[in-house]
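Colleague: Could you look at this predicted model? Sequence included:
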Amino acid sequence: MARVPGYETNRIEFALVQPPTTTPGSSDDVDQDAGASPTITLPSQPASRGGTRTQGAPVRSRLLRQVVVLDVAGRLGDVIEDLDRAVELALAEDPRGVVCDLSALPEDAEPGALEVLATAGRHVRDWPGIPVGVACLDPRVQETLAAHPLGGQLVVGPSLFSAVSAMLATPAPEVERLHLAPHPTAPRASRDFVTRTLLKWQLDPVVRRASPAISELVMSSTVNAGTDIDVSIAWNARALRLAVRDYRPRSPRQRSSATGLDGPGLAVVGGLSRAFGVLPTADGGTVVWAVLDAARPHPPTP
């Protein structure tokens, strides 16, 4: 079976990518449909080990009604590593959903490549607030994904329209955001922000776990990156996601060894959350995240 970069069998996943070599904001990154807006730039990727790259971009990203669509060209086995990486880059932007459009692929998709594609469901397993899906008319692909333990987490439809529509029909997460400078007071400011938000959402019991978790995530980002950071808190389907994005470009060696957390911080976040990890961003930074169980005891006050 082909190996997914950054995928592990446990719940702690650290994504590994190469640095961007293309310029964000190019015209190729804009969906020309009405209402579309610029979306992520997919950095170029070296040839996979033991294989060669197909000519042209194997995965192209565009935005359709707040859903990132990843158009895939070529044989799935040749582009699966690019596609797995593109899904992670897309998720780092907090879209409404991510759809892998396989409409242009040959029908004879390799079983190993389908196995790897199914593991994209790990993202939904850990954080259901951003659905990930596949648009493909081939019934064999649909059946293979549905039968896989992680593939069953994916939204699978026979067309791009059906997959996007299914995603837009799911409840959108509640989200609050805060921008912070790399200052010693940032961890405290993030704790206050998370506490206020959880009280507003009537998730009071989660405060005692979420407050130290966000503090560790912010401290790690401010110490390791030294850039401004964006803090976000989101709630969906009885799960709470804390995320911190930094803007420090990293070298390939730094990316291959970075976990986003180290020392006592790793143990603290691991003990407070049901899953945590790191996502790469298209500008070279990272998003460190943690997901906590967060059942709401009472409906929110309007």
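Modeller: On my side now, so go ahead.

Colleague: Please list the outside residues in contact with the one helix or strand A210 maps to.
Modeller: Secondary structure assignment for A210, by DSSP states H and E: helix 207-224. Helix 207-224 has contacts (Cβ atoms under 8 Å, 6 or more residues apart in numbering) with 180, 182-183, 186-188, 190-191, 193-195, 198-199, 229, 231, 233, 240, 242-246, 248, 258, 260-262, 265, 268-269, 272-273, 288-290, 292, 294. For the C-beta atoms, the positions are set from N, CA and C on the backbone; glycine is no exception.

Colleague: and if we set it to 7 Å?
Modeller: 182, 186-187, 190-191, 194-195, 198, 229, 231, 240, 242, 244, 246, 260-261, 265, 268-269, 272-273, 288, 290, 292 (Cβ atoms under 7 Å, 6 or more residues apart in numbering).

Colleague: what's the pLDDT at the residue most central in space within the chain?
Modeller: Centroid check for the chain by Cα atoms, centre = their mean gives L91 as the closest residue, at 2.7 Å. Looking at L91, its pLDDT is 97.

Colleague: which residues of the protein fall in strands?
Modeller: 12-14, 59-64, 67-72, 97-101, 132-135, 155-157, 174-180, 229-236, 239-245, 275-280, 286-293 (DSSP state E).

Colleague: Same list (those strands) but as TSV, adding distance to A109 and mean neighbour count.
Modeller: Output for the strands of the chain, formatted as TSV (distance: least, Cβ to Cβ, whole Å; neighbours: other Cβ atoms under 10 Å):
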stretch	distance to A109	mean neighbour count
strand 12-14	24	19
strand 59-64	15	21
strand 67-72	10	24
strand 97-101	12	27
strand 132-135	11	25
strand 155-157	13	22
strand 174-180	35	16
strand 229-236	31	21
strand 239-245	31	25
strand 275-280	26	24
strand 286-293	30	24
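
Colleague: Nearest approach to L145 belongs to which of the ones you listed?
Modeller: strand 155-157 (5.4 Å; Cβ to Cβ).

Colleague: neighbouring strands for that closest one, and are they parallel or not?
Modeller: Within its sheet, strand 155-157 is paired with strand 132-135 (parallel), according to DSSP bridges.

Colleague: tell me which helix or strand of the protein sits lowest on mean pLDDT?
Modeller: Using mean pLDDT, DSSP states H and E, the weakest-scoring helix or strand in the chain turns out to be strand 12-14, at a mean of 34.

Colleague: Span of stretch 115-122 from start to end?
Modeller: Start and end residues of stretch 115-122 are separated by 12 Å (Cα to Cα, to the nearest Å).

Colleague: Over to stretch 142-158?
Modeller: 8 Å.

Colleague: who's in contact with that stretch?
Modeller: Residues contacting stretch 142-158 (Cβ under 7 Å, 6+ apart): 114, 117-122, 124-125, 131-137, 163, 166-167.

Colleague: Need the strands of the chain in a markdown table (columns: distance to L203).
Modeller: Below are the strands of the chain laid out as a markdown table (distance: least, Cβ to Cβ, whole Å):
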| stretch | distance to L203 |
| --- | --- |
| strand 12-14 | 24 |
| strand 59-64 | 30 |
| strand 67-72 | 27 |
| strand 97-101 | 24 |
| strand 132-135 | 25 |
| strand 155-157 | 26 |
| strand 174-180 | 10 |
| strand 229-236 | 7 |
| strand 239-245 | 7 |
| strand 275-280 | 18 |
| strand 286-293 | 10 |
